[in-house]
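> predicted coordinates and the sequence they were generated for:
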Amino acid sequence: MKNVYFTITGMNYYFGSSFLKLGMKVKLRKEPDNAYDKEAIKVELKGLGTIGHVANSTRTVLGESRSAGRIYDSFKKKAKGRVLYVTDRGAVCELM
C-alpha cells in the first residue's frame, strides 16, 4: 500500500505546535456532527485531547498530503498517524 500523508491544521486554536516531535503518534477521529465540514476529522493526542484537524482545503493541505475528504472513507471511526514534519503552517503526518 502506498504511503498516505495528511496535514494537521488549526493547531493555533488549541495548544500550538511547539510540543510536537517527529515520530509522535496522533489519533484521528471522524467528527460527522461538525457544523462546518461533514468530512471533518479531528486530531487528538493522549493527555491533551483535540490538537487540530486534518486539513481539508487546498490552502491548508501541505505537500503530498491528502485532504480530510480524500481519506475520510479509508477508515471507520478512528485511525492513527505519525508526525513526520512540523512547519509553521501545520504538521505533515503519515496515516498508519
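Looks like it came in fine. Numbering: from 1, shown residues only.

> C-alpha only now, for contacts and for neighbours.
Will do.

> which ones are touching Tyr14?
With contacts defined as C-alpha atoms under 8 Å, 6 or more residues apart in numbering, Tyr14 is in contact with 50-52.

> by neighbours, which of the residues you listed wins?
For the contacts of Tyr14, neighbours were counted using other C-alpha atoms under 10 Å, and Gly52 has the most, 25 neighbours in all.

> Leu45 is in contact with that one, correct?
No: taking contacts as C-alpha atoms under 8 Å, Gly52 lies outside contact range of Leu45: 9.6 Å.

> mind checking the longest strand of this structure?
As far as residue count goes, and with DSSP state E defining each element, the longest strand of the chain is strand 78-87.

> point out the other helices and strands that it packs with.
With contacts taken as 3 or more C-alpha pairs under 8 Å, 6 or more residues apart in numbering; DSSP states H and E, strand 78-87 sits against strand 25-30, strand 90-95.

> of those strands, flag the one that's most buried.
strand 90-95 (a mean of 23; mean count of other C-alpha atoms under 10 Å).

> output the below-cut-off pLDDT ranges for this structure.
Along the chain, the parts satisfying pLDDT under 70 run over 1.

> break down it into its helices, ranges please.
Using DSSP state H, the helices of the chain run over residues 68-71.

> circling back to that earlier point, paired strands for the longest strand of the chain, with orientation please.
Counting by DSSP bridges, the strands paired with strand 78-87 are strand 25-30 (antiparallel), strand 90-95 (antiparallel).
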